[in-house]
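>>> based on what follows, work out the 3D shape:
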Amino acid sequence: MNKSQQEAIQKNHYGKLEYWERRYSENDKPFEWYQNYDNLKDIVTQYINQNSRILNIGCGNSNIPEDMYKEGYQWIVNLDFSKTVIEFMKEKFKSYPAHFQFVLADARELPFANDSFDCVFDKGLLDAVLSGDYSAQNSKKVINHIYRALKKDTGVYIIVSHGFPEQRLPYLSKSEYNWKVTYSKVYKPDVRTKSLEFDATDLNNYHFIYVCKMDRYQGQTAAQVIGI
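Purely as a prediction, here's the structure:
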């Protein structure tokens, strides 16, 4: 089996619980998929404030929730479907207040009421779902639950992804979601360290940040917005 075949098999495993349980059982060291908080905060903090209720979905053992907490974002629910990593993170942060919590749950069946969160932050979760079996059905379940759990007038869903816009926008820009989708690019952390002369036009050198922002006025006319 060549390297590309091995990578294809591993990528498919990203959508499987067994893969993550084994990974976190074998190594409990913090690992950042894609980007760390310092590389993301200039974008993320445009859409949240320190009173925001944040759901960090597919949290793993990332340092991001701790980094955000230290900057004043204290109301954070961190969710993952790996019992191993949730138990580890609960123990690691047992001295933290109750509103900084870790929840064992499946993103396809979020255990939260409608309109619970100001922000859902997703670093790699949607990518993992799309790499697994029944990706179309499962990604729809995940996005539907995220949409349901977000506040309908001001909520925002922020996704950090390796997927190009033509690969991700069809899932996010559906008519049933009353949000506006924008995206930006950030260099992959290893790009600048490889060479001082990299191709800035090569999209493979970037991760993409998709922002799905609820718009209470979307679909209304100007007259309706101002109450005429």
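
>>> CA only for contacts and neighbour counts going forward, please
Noted.

>>> need the strands for this structure, in chain order.
54-57, 76-80, 100-104, 119-123, 156-161, 179-187, 206-214 (DSSP state E).

>>> kindly reformat those as CSV containing distance to Ser173 and mean pLDDT.
Output for these, formatted as CSV (distance: least, CA to CA, whole Å; pLDDT from 0 to 100):
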stretch, distance to Ser173, mean pLDDT
strand 54-57, 20, 98
strand 76-80, 24, 98
strand 100-104, 28, 97
strand 119-123, 17, 97
strand 156-161, 12, 97
strand 179-187, 7, 94
strand 206-214, 9, 96
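
>>> where does the prediction get shaky in the chain?
Scanning the chain for pLDDT under 70 picks out 1-12, 14-15, 20, 191-198, 216-228.

>>> ok, now with 80
Within the chain, the ranges that satisfy pLDDT under 80 run 1-21, 23-25, 27-31, 190-201, 215-228.

>>> longest helix in the chain, please.
Assignment by DSSP state H gives helix 135-149 as the longest helix of the chain.

>>> output that one as PDB, restricted to C-alpha atoms.
These are the backbone C-alpha positions of helix 135-149, laid out as PDB (Å, rounded to 0.1, in the frame of the first residue of the first chain):
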ATOM      1  CA  SER A 135     -21.200  12.200   4.800                       C
ATOM      2  CA  ALA A 136     -24.100  14.100   3.100                       C
ATOM      3  CA  GLN A 137     -26.700  12.800   5.600                       C
ATOM      4  CA  ASN A 138     -24.500  13.300   8.600                       C
ATOM      5  CA  SER A 139     -23.300  16.800   7.700                       C
ATOM      6  CA  LYS A 140     -26.900  17.900   7.200                       C
ATOM      7  CA  LYS A 141     -27.800  16.600  10.700                       C
ATOM      8  CA  VAL A 142     -24.900  18.400  12.200                       C
ATOM      9  CA  ILE A 143     -25.600  21.700  10.500                       C
ATOM     10  CA  ASN A 144     -29.300  21.500  11.200                       C
ATOM     11  CA  HIS A 145     -28.600  21.000  14.900                       C
ATOM     12  CA  ILE A 146     -26.100  23.800  15.000                       C
ATOM     13  CA  TYR A 147     -28.600  26.100  13.300                       C
ATOM     14  CA  ARG A 148     -31.300  25.100  15.800                       C
ATOM     15  CA  ALA A 149     -29.000  25.700  18.800                       C
END
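
>>> so what does it touch, helix or strand wise?
In this structure, helix 135-149 makes packing contacts with helix 125-130, helix 165-172, judged by 3 or more CA pairs under 8 Å, 6 or more residues apart in numbering; DSSP states H and E.

>>> go ahead and flag the most central residue of the protein.
Taking CA atoms, centre = their mean as the criterion, Asp122 is the residue nearest the geometric centre of the chain, at 0.5 Å.

>>> quick check: Asp80 touching Gly58?
Yes. Under the criterion of CA atoms under 8 Å, Asp80 lies in contact with Gly58, with a separation of 4.6 Å.

>>> overlap in contacts of those two?
Taking CA atoms under 8 Å, 6 or more residues apart in numbering as the contact definition, Asp80 and Gly58 share the neighbouring residues Ala107.
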